[in-house]
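1. I would like the atomic coordinates for the input below:
(chains A and B)
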Number of protein chains: 2
Amino acid sequence: MSDPVEFYFEFSSPYGYFAAQKIDQIAADNGRTCIWKPFLLGAAFKKTGMAPLVQQPMRGEYALKDWQRLSRYMDVAWKMPAVFPVHTVAATRAFYWINERDPDQARLLAKSLFHAVFGEGQDISTPQAVAAIAAALFVDKDELLAALEDQNVKDKMRAETDKALEKGVFGSPYFIVDGEGFWGSDRLWMVKKWLQSGGW
Amino acid sequence: MSDPVEFYFEFSSPYGYFAAQKIDQIAADNGRTCIWKPFLLGAAFKKTGMAPLVQQPMRGEYALKDWQRLSRYMDVAWKMPAVFPVHTVAATRAFYWINERDPDQARLLAKSLFHAVFGEGQDISTPQAVAAIAAALFVDKDELLAALEDQNVKDKMRAETDKALEKGVFGSPYFIVDGEGFWGSDRLWMVKKWLQSGGW
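-> Presented below is the predicted three-dimensional model:
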């Protein structure tokens, strides 16, 4: 089997949420697996000089409308969280801690977290909130809370974010297929074409 | 017939160039005409705090690659101009001057200008360069050069840019269909669906 599709995203990214509904199927339809790689978009913003969309004049208002419109078109649950952007350090650390032993469970957690944030508008910024969501997947709450303060887990998340930036990832979602980068949920069609054709 | 599709773009915008290859057909397929509305993207950048893509770390490198990839996929001529971004005041004024008497000819001029910039990598920043391109469409060179300094023409271009910003246009390309805004050449698929369905 060819290399997996790499799916980079930030848990606070609405377009990452929308892409998360589609990318596994697109990869599978083309005989590929998909690796989920959350990272801290704030670290990329420091390099690019960007700010969260909702804080940008004109672009922010458009984005709020666009997310609603996209959710209706895709028939995906949508509720803008009251606290936004979301602080995602706990969520991202939790993902990588679980991912070390069980990538499938980590992906389930990512889907649950995304649904909580954008499907239900929850605040997932605290370790407690993340642990409550993980508990529904039979992750021990105390173990998880301890892991979120473990230096190895902190270092792992930092290293994954650094690796993403080194690969040129500057936004969420971002996909890498055989070394080729694609930015944005609007580019899923191109990811699909690239997978089908091997590039052009 | 329903209202025309409004197509807002900046002559220095590669994604505007790509959208220009498609939007008339999409409108026509849905029983609509399309109005072309160039504006000065720099005026929008002052409101949004954005900068030209090529000047943005990481995003600029991605964009350069993305334009080449898109041009190959769409089979559209592509040559990045040596001087970029392009100073487009002369081009935009010329468009509106011609548009007052002949919108079809103005659109032809827009297509010629876009092709010159991104199909051939020409510098169209000077009145002389714009006049040379317009001359191929039988526009009198001296008349055009005079018009580019005409206060009415200057005011018209400024007013069109102001009107675009008032409508929420902050990027290029930007489409308005029955009052609904869509940003980016990546959203042509959604413009199409919106036209077909009347919205959702």
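2. does A:R69 count as helix, strand or coil?
-> helix (DSSP: H, G, I helix; E, B strand; the rest coil).
3. Tell me, how many residues neighbour it?
-> A total of 18 residues lie near A:R69 under the criterion other C-beta atoms under 10 Å in any protein chain shown. Placement of C-beta: from N, CA and C, glycine included.
4. hang on, isn't A:Y15 packed against A:S185?
-> Yes: the pair formed by A:Y15 and A:S185 meets the contact definition of C-beta atoms under 8 Å, at 4.3 Å.
5. which residues do those two both contact?
-> A:P173 (C-beta atoms under 8 Å, 6 or more residues apart in numbering or on different chains).
6. and A:M74, how many neighbours does it have?
-> If you count neighbours by other C-beta under 10 Å, A:M74 ends up with 13.
7. which residues are contacting the helix or strand bottoming out on mean pLDDT in chain A?
-> For chain A, the helix or strand with the lowest mean confidence is helix A:41-48, at a mean of 93 (criterion: mean pLDDT, DSSP states H and E). Contacts with helix A:41-48, where a contact means C-beta under 8 Å, 6+ apart, come from A:10, A:12-13, A:50-52, A:161-162, A:164-165, A:169-172, B:56-59.
8. Enumerate the residues of chain A near chain B.
-> With C-beta under 8 Å from any C-beta of the partner chain as the criterion, chain A meets chain B at residues A:44, A:47-51, A:56-59, A:61-62, A:65-66, A:69, A:72-73, A:165, A:168, A:170-171, A:181, A:183-184, A:186-187, A:189-190, A:193, A:200.
9. What's the PyMOL syntax to select whichever of these are buried?
-> Selection of buried members from the residues of chain A next to chain B for PyMOL, criterion 16 or more other C-beta atoms under 10 Å in any protein chain shown:
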select buried, chain A and resi 44+48+50+56+58+59+62+66+69+165+168+170+171+181+183+184+186+187+190
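10. Just the ones of the residues of chain A next to chain B in strands?
-> A:G181, A:W183 (DSSP state E).
11. Stretch A:111-118 spans what distance, first to last residue?
-> This stretch, stretch A:111-118, spans 11 Å end to end (C-alpha to C-alpha, to the nearest Å).
12. neighbouring contacts of it?
-> By C-beta under 8 Å, 6+ apart, stretch A:111-118 touches A:11-12, A:14, A:16-17, A:20, A:77-81, A:86, A:91, A:95, A:122, A:124, A:129-130, A:133-134, A:136-137.
13. Break down chain A into its helices, ranges please.
-> A:14-20, A:23-29, A:41-48, A:59-74, A:89-101, A:103-114, A:127-135, A:141-147, A:151-166, A:188-197 (DSSP state H).
14. Not including adjacent chain positions, what is the nearest residue to A:P52?
-> Distances taken as C-beta to C-beta, 6 or more residues apart in numbering or on different chains place A:P85 nearest to A:P52, at 4.6 Å, with adjacent residues excluded.
15. What is the burial count for the spatially closest residue to A:E10 that is not a sequence neighbour?
-> Distances taken as C-beta to C-beta, 6+ apart put A:L41 closest to A:E10, at 3.7 Å, once the chain neighbours are dropped. For A:L41, the count of nearby residues is 27 (other C-beta under 10 Å).
16. Likewise for A:A90?
-> 22.
17. Span of stretch A:31-46 from start to end?
-> Using C-alpha to C-alpha, the end-to-end distance of stretch A:31-46 comes to 36 Å.
18. Oh, that last question was meant for stretch A:177-193, not what I typed.
-> 11 Å.
19. Next, the buried residues of stretch A:155-165.
-> By 16+ other C-beta under 10 Å, the buried positions in stretch A:155-165 come out as A:K156, A:M157, A:R158, A:E160, A:T161, A:A164, A:L165.
20. quick one: which of those residues is nearest chain B?
-> Of all the buried residues of stretch A:155-165, chain B sits closest to A:L165, with 8.0 Å by C-beta to the nearest C-beta.
21. surely A:A19 meets A:V5?
-> No: here A:A19 does not reach A:V5: they are 11.2 Å apart, not a contact under C-beta under 8 Å.
22. Could you pull up the contacting residues of the closest residue to A:Y8 other than its chain neighbours?
-> Of all residues not flanking A:Y8 in the chain, A:Y174 sits nearest, at 4.3 Å (C-beta to C-beta, 6+ apart). By C-beta under 8 Å, 6+ apart, the residues touching A:Y174 are A:Y8, A:F9, A:A164, A:G181, A:F182, A:W183, A:G184.
23. what's the answer for A:A129, then?
-> Counting by C-beta under 8 Å, 6+ apart, A:A129 makes contact with A:A90, A:A116, A:Q122, A:D123.
24. For the residues you listed, which ChimeraX command selects only the ones that are buried?
-> Buried members of the contacts of A:A129, defined by 16+ other C-beta under 10 Å, are picked up in ChimeraX with:
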select /A:90,116,122
